[in-house]
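Chemist: what shape does this take:
(chains A and B)
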Amino acid sequence: MNYTDILSSKFEPETTGTTIMAVIYDGGLIIGADSRTSSGQFVADRCADKIDYIHDRIFCLRSGSAADTQIIAKHVRYYIDAHAQELGRLPAVATAANLFRNFLYEYKDSLSAAIIVAGWDPYKGPQIFTLPLGGSVIEQKWSIGGSGSTFIWGFCDSNYKENMTLQQAKAFVLHAVAHAMFRDGSSGGIIRLLNVTKDKIEREFIDYKDVPVK
Amino acid sequence: MIFNSEISGQQQHTTSPVVTGGSVIALVYNGGVIVGTDTLCSYGSMATFKNVQKIAQISKNTIYASSGEFSDFQQVVKELAKIDRSALQYDDGVHPSPKDYGNFLARLSYKKRCKINPLYLQNVIAGFHNGERYLGLVDIYGTYLESNFITTGFASYFCKAIIANYWNENCTLDQAKQVIRECFKVLFCRDCRAHDVIQLAYVDAQGAHIEEPERVETKWDFNGFKSRANEKLHTQ
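Modeler: Below is the predicted model of the structure:
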């Protein structure tokens, strides 16, 4: 991260020190994220939406440098939009993941970005692709990311089950993100959930007072 | 605030903090002095210890709180308690006043600062002695000042404006408590290392009272927060 040499140590770049999560269930997928964007110790945005729109059924969850991930997502959104126009139908989630991958891999020395691409397409149904720092692409049934994820690996490993129902998956994501926010200083605020299915996308806002672990 | 461990040589203490406590806010009110802290000790960015009492009673009419390295806070509590105990040796019924503690801590902090081996703390001493209210701040370098209101850490950036607008030195205890609660609400929203469970303690003519921890209510269900969705930016 060469920009920290240039700037004085007092200024910390804005990052999404964060908790992000996506889980496939029987029929779709649930995406969850906290709402805190921090700049060092300061909470720059306490109600952020970290679930970024890429296409009608493709979303990405961003962690790492807010600036890096925002601009990459903007590029991918543009490319996917053009691609979908030409294709005449919904683009594949894997296509979006590959476009992200090209950025993260080519510029791996300059970027601090880790992304989870999650969505539904008519070819393979719900899919989750995790793109960690170096630019690799790993398809998974569930994925957690951000600084808060370190605190919930045990919880997720022991509570994940294949083929959960919508309600089970929602509860799993809600409790996992809440546990991460409980311990990670860089995560906090409210929880945003998104249910992605073939027919619709449904957003849910979990107010701070309804967060299960405080 | 960079202390280079190479310079001090043999014994190194706190050159960079490990377990840290958050902001302290202290105000004077018409009958005494009140101090508020949250109940969290962080391990870097991890909120590890959640039910920590960070306000200590030093003597009958003095309380002490600090932000920064928690082990240094515990050490200072020991040092100040030593002074109170050793005063008994004179057997004359005279106990150190709150200002005596403040002064001692300032000299101790300065001495350690000169040896590049600081107490990594911003300290607040509060007390009520002979009808006079006392509120003192000692920082990491040993700078000493007395004031009617004191904030440490992030509170110095966010809470001074709230205090200036809603508090005066002759307000009631309940008014002062409300101001401190409002300050911690803002801190919980804007400080990554803050927690919404706080603890208040006050000293008046009857002595020191440390209250049970309480949770402050913060508001998150604004329409703007709820309706914020990235798809709206990109779809018609």
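
Chemist: bridging residues for the residue nearest to A:A118 when sequence neighbours are not counted?
Modeler: Of all residues not flanking A:A118 in the chain, A:A22 sits nearest, at 4.0 Å (CB to CB, 6 or more residues apart in numbering or on different chains). C-betas here are computed from N, CA, C, even on glycine. Using DSSP bridges, the beta-bridge partners of A:A22 come out as A:I31, A:S143.

Chemist: give me every residue that touches the residue most central in space within chain A.
Modeler: Centroid check for chain A by CA atoms, centre = their mean gives A:L61 as the closest residue, at 1.9 Å. A:L61 makes contacts with A:20-22, A:31, A:33, A:50-52, A:115-116, A:118, A:145, as judged by CB atoms under 8 Å, 6 or more residues apart in numbering or on different chains.

Chemist: what residues does chain A have near chain B?
Modeler: Contact residues (CB under 8 Å from any CB of the partner chain) of chain A with chain B: A:17, A:35-36, A:38, A:40-43, A:46-47, A:49, A:51-53, A:56, A:77, A:147, A:151, A:182-186, A:188-190, A:201, A:203, A:205, A:207-209, A:214.

Chemist: restricted to strands, list the residues you listed.
Modeler: Mapping the residues of chain A next to chain B onto strands (DSSP state E) picks out A:38, A:42-43, A:51-53, A:201, A:203, A:205.

Chemist: one step back: same list (the contacts of A:L61) but as JSON lines, adding neighbour count.
Modeler: Conversion of these to JSON lines gives the following (neighbours: other CB atoms under 10 Å in any protein chain shown):
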{"residue": "A:I20", "neighbour count": "28"}
{"residue": "A:M21", "neighbour count": "30"}
{"residue": "A:A22", "neighbour count": "32"}
{"residue": "A:I31", "neighbour count": "26"}
{"residue": "A:A33", "neighbour count": "32"}
{"residue": "A:K50", "neighbour count": "26"}
{"residue": "A:I51", "neighbour count": "25"}
{"residue": "A:D52", "neighbour count": "24"}
{"residue": "A:I115", "neighbour count": "31"}
{"residue": "A:I116", "neighbour count": "29"}
{"residue": "A:A118", "neighbour count": "33"}
{"residue": "A:G145", "neighbour count": "23"}
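
Chemist: one step back: of all the ones in strands among the residues of chain A next to chain B, which two lie farthest apart?
Modeler: Using CB to CB, the two most remote members of those are A:F42 and A:I201, lying 32.0 Å apart.

Chemist: the two: which is more packed in?
Modeler: Between A:F42 and A:I201, counted using other CB atoms under 10 Å in any protein chain shown, A:I201 has the larger neighbour count: 19 against 15.

Chemist: and the nearest residue to the more buried one once chain neighbours are set aside, how many neighbours?
Modeler: Nearest non-adjacent residue to A:I201, counting by CB to CB, 6+ apart: A:L194, 6.2 Å away. Residues near A:L194, counting by other CB under 10 Å, number 24.

Chemist: so A:L194 makes contact with A:I51?
Modeler: Yes - between A:L194 and A:I51 a contact is recorded at 5.3 Å, counting by CB atoms under 8 Å.

Chemist: for the two, list the residues in contact with both.
Modeler: Shared contacts of A:L194 and A:I51, defined by CB under 8 Å, 6+ apart, are found at A:31, A:59.

Chemist: export the helix or strand hosting the residue nearest to the centre of chain A to CSV, keeping only CA atoms.
Modeler: Using DSSP states H and E, A:L61 falls within strand A:58-65. Extracted C-alpha coordinates of strand A:58-65, given in CSV (Å, rounded to 0.1, in the frame of the first residue of the first chain):
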residue,chain,number,x,y,z
ILE,A,58,-26.0,-9.4,-9.6
PHE,A,59,-24.6,-7.6,-6.6
CYS,A,60,-21.2,-7.2,-5.1
LEU,A,61,-20.1,-6.8,-1.5
ARG,A,62,-17.0,-4.6,-1.0
SER,A,63,-14.3,-4.6,1.6
GLY,A,64,-10.9,-3.0,1.7
SER,A,65,-10.3,0.5,0.4
